[in-house]
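Student: any chance you could fold what I've pasted below:
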Amino acid sequence: MRCLKCGSKATRVIDSRVVEDGRVVRRRRQCDQCGMRFTTHERVADQPVLVIKKDGRKELFNRQKIVLGILKACEKRPVAVEEIEKVAQEIERQIRQKGVRQVSSREIGEMVMNRLLEMDDVAYIRFASVYQEFGSLRQFAQALSKLQKQKTKRRVAVSSKNDARTTELTPTASGNSSMVVKRGKGRGEPSREAPSGRD
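Tutor: Here you go, the predicted model:
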């Protein structure tokens, strides 16, 4: 491979790493002529996927557009760029795993919104307001309602996990109380008892 600076063909690989869940090989190269270092990416030539826009136009799928859209929604929010890149990669993988040749921009937008719903509340509202083109307070209220329902589901999920480990006080034969810690509710795991009082 030619050097980007001097054009020499005398370049060599000094480091290789597999990234993006094994779908890409990233190589660091160095030019023996001028010493410049640069990075190349080797990836499988995926089947092209067309995105159908709202107005009917079609364009090639570009993961970078997803990254840019999420970056804009997450501006000044505590969301790492690495996390955004990972989300975009996962969305692309989901699309390609379907084996389709076309996907609507609406479907991609829904996938992004579902991920933002889990990542950051403010980013979700920002993206939804632009993607769904809010034109009334009612639409804004609907987005907030969906956000609130998702939060409720999270709380229920956390509560269910906590229920798997409960603490109860039960009387012992000596009349004292003992603490019974039950682990893995409903999974057949033995309970452990620890005395909480003495005679």
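
Student: how about the strands in this protein?
Tutor: Under the criterion DSSP state E, the chain contains strands at 11-19, 24-31, 37-43, 50-52, 58-60, 102-104, 166-171, 177-182, 192-195.

Student: tell me what the first one is packed against?
Tutor: With contacts taken as 3 or more C-beta pairs under 8 Å, 6 or more residues apart in numbering; DSSP states H and E, strand 11-19 sits against strand 24-31. In this view, the C-beta of every residue, glycine as well, is placed from N, C-alpha and C.

Student: the strand it packs on packs against which elements?
Tutor: strand 11-19, strand 37-43.

Student: which residues touch stretch 25-40?
Tutor: Stretch 25-40 is contacted by residues 1, 3-6, 8, 10-19, 41-43 when judged by C-beta atoms under 8 Å, 6 or more residues apart in numbering.

Student: end-to-end on that stretch?
Tutor: 8 Å (C-alpha to C-alpha, to the nearest Å).

Student: buried stuff in that stretch?
Tutor: Residues R27, R29, Q30, C31 are the ones in stretch 25-40 that count as buried (16 or more other C-beta atoms under 10 Å).

Student: mind checking which of the contacts of stretch 25-40 are buried?
Tutor: For the contacts of stretch 25-40, buried by 16+ other C-beta under 10 Å: C3, T11.

Student: listing request: residues of this protein with sub-threshold pLDDT.
Tutor: Applying pLDDT under 70 to the chain flags residues 135, 154, 157-158, 161-199.

Student: residue ranges for the helices of it, please.
Tutor: Along the chain, counting by DSSP state H, helices occupy 63-73, 81-97, 105-119, 121-131, 137-163.

Student: between these, which one is nearest to V51?
Tutor: Of all the helices of the chain, helix 105-119 sits nearest to V51, with 5.5 Å by C-beta to C-beta.

Student: burial measure for F140, as a count.
Tutor: Counted with other C-beta atoms under 10 Å, residues neighbouring F140 total 15.
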